[in-house]
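>>> below: sequence and its predicted model.
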Amino acid sequence: MDMSHASDVQQLTRPDGRVAYTDTGEGPVVVLVPGMGDLRATYDTLAPLVAGAGYRVVVTDLRGHGDSDTDFRAYGDSVTAADLVALVEHLDAGPAVLVGSSMGGSAAVIAAADRPDLVSGVVLLAGFLREPMSPAMGAVMRGFYRILFARPWGGAVWAWYVRSMLSKGRPTPGLDARIALLRRTFGDPARLRAFRRLTVALDHREVEARLTDVRTPVLAVFGDTDPDFSDARAELAFARETLGADGIVLEQVGHYPHLQARDEVLAVLLPFLAATTREDDADA
């Protein structure tokens, strides 16, 4: 299939909307997936370094986020996984390594379980492998999210949470510009509505149910100040136990290790990519 590798935004057509992505570089395919409430821009400093190391780097937006359409009917881990599978099929360039932040990692795991022929490896950047809330607490929080992320304050509340809670620990380069972009993005009523729908729909029991089906190599990176995990080392141990993952816990790093500790992430990511793509070549 003939495709441009320019960094211009492209659109993948899905049954109920379009998912935006960029495609740059040459080599084995690496797909970078943001998390909930985040954008392709989260990988602006990591993606060029991965491409420069000899990879074709595809960065996707989630449904309803960034340059994707906002009128999707369904959101969550499983439908995001289906989007990733469709994207790799569309690229038609062999299996891909999926690198996912937060729920993007959850979706990558499900995609690997569904289509091991298309996914040669998974990298979790603070990725969820299980639902941290009980069903009762989840129901309470979904009601809370409907209010918290309503107009006109929802975008500002989310931007505050990203700055004050999810970015705890080391300074995040470019944090002011990142927060301003999130405020602008989710100041748009349609994008805020899509984001709110995702917060209400998200249930990581979907990924936990698929862990035993994963056979691809997994790398897991967590930060020890991430408020989404009460014990980052316990999460890494769970990833090792259930997925046979390699991994690392970074000190004084929150929910976005690729931003707060980019070079340390790159130091474990590139060897993982090299080993995974070598295995692909040997199997070819």
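Yep, it's here.
>>> CA only for contacts and neighbour counts going forward, please
OK.
>>> avg pLDDT for stretch 198-213?
For stretch 198-213, mean pLDDT is 97.
>>> can you check stretch 179-189 too?
Mean predicted confidence for stretch 179-189 is 97.
>>> could we number from 317 for the rest of this?
Right, with 317 as the first residue, what we last looked at is stretch 495-505.
>>> so which bits of that stretch are buried?
Within stretch 495-505, the residues that qualify as buried by neighbour count (16 or more other C-alpha atoms under 10 Å) are I495, L497, L498, R499, T501, F502, G503, P505.
>>> check which element follows the strand or helix carrying the second one along the chain.
This means L497. Element membership of L497 [criterion: DSSP states H and E] is helix 491-501. Using DSSP H and E, the next helix or strand after helix 491-501 towards the C-terminus is helix 505-517.
>>> how many residues are close by the residue nearest to R512 when sequence neighbours are not counted?
Spatial nearest neighbour of R512, chain neighbours left out: F465 (6.0 Å); criterion: C-alpha to C-alpha, 6 or more residues apart in numbering. Using other C-alpha atoms under 10 Å, F465 has 21 other residues around it.
>>> distance of F465 from A510?
Here F465 is placed at a distance of 10 Å from A510 (C-alpha to C-alpha, to the nearest Å).
>>> and the helix or strand in which V415 is found, what does it pack onto?
Per DSSP H and E: V415 is located in strand 412-417. Counting contacts by 3 or more C-alpha pairs under 8 Å, 6 or more residues apart in numbering; DSSP states H and E, strand 412-417 packs against strand 345-349, helix 419-430, strand 435-441.
>>> now do stretch 466-484: distance to the chain's middle.
Centroid separation for stretch 466-484 versus its chain: 18 Å, with C-alpha atoms, centre = their mean, to the nearest Å.
>>> give me the contacts around it.
353, 464-465, 491, 495-496, 498-503, 505, 508-509, 512, 541-544, 568-572, 576 (C-alpha atoms under 8 Å, 6 or more residues apart in numbering).
>>> so for that stretch, mean pLDDT?
For stretch 466-484, the per-residue pLDDT averages 96.
>>> can you tell me the centre-most residue of the protein?
Taking C-alpha atoms, centre = their mean, the centroid of the chain lies closest to G420, which sits 2.6 Å from it.
>>> my guess is that one meets G353, correct?
No. Here G420 does not reach G353: they are 10.8 Å apart, not a contact under C-alpha atoms under 8 Å.
>>> which residues in the stretch 317-466 of the chain form helices?
Taking DSSP state H, counting those that start in this stretch to define them, one finds helices in the stretch 317-466 of the chain at 362-368, 393-407, 419-430, 451-464.
>>> can I get these in JSON lines including distance to V375?
Below are those laid out as JSON lines (distance: least, C-alpha to C-alpha, whole Å):
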{"stretch": "helix 362-368", "distance to V375": "8"}
{"stretch": "helix 393-407", "distance to V375": "11"}
{"stretch": "helix 419-430", "distance to V375": "11"}
{"stretch": "helix 451-464", "distance to V375": "27"}
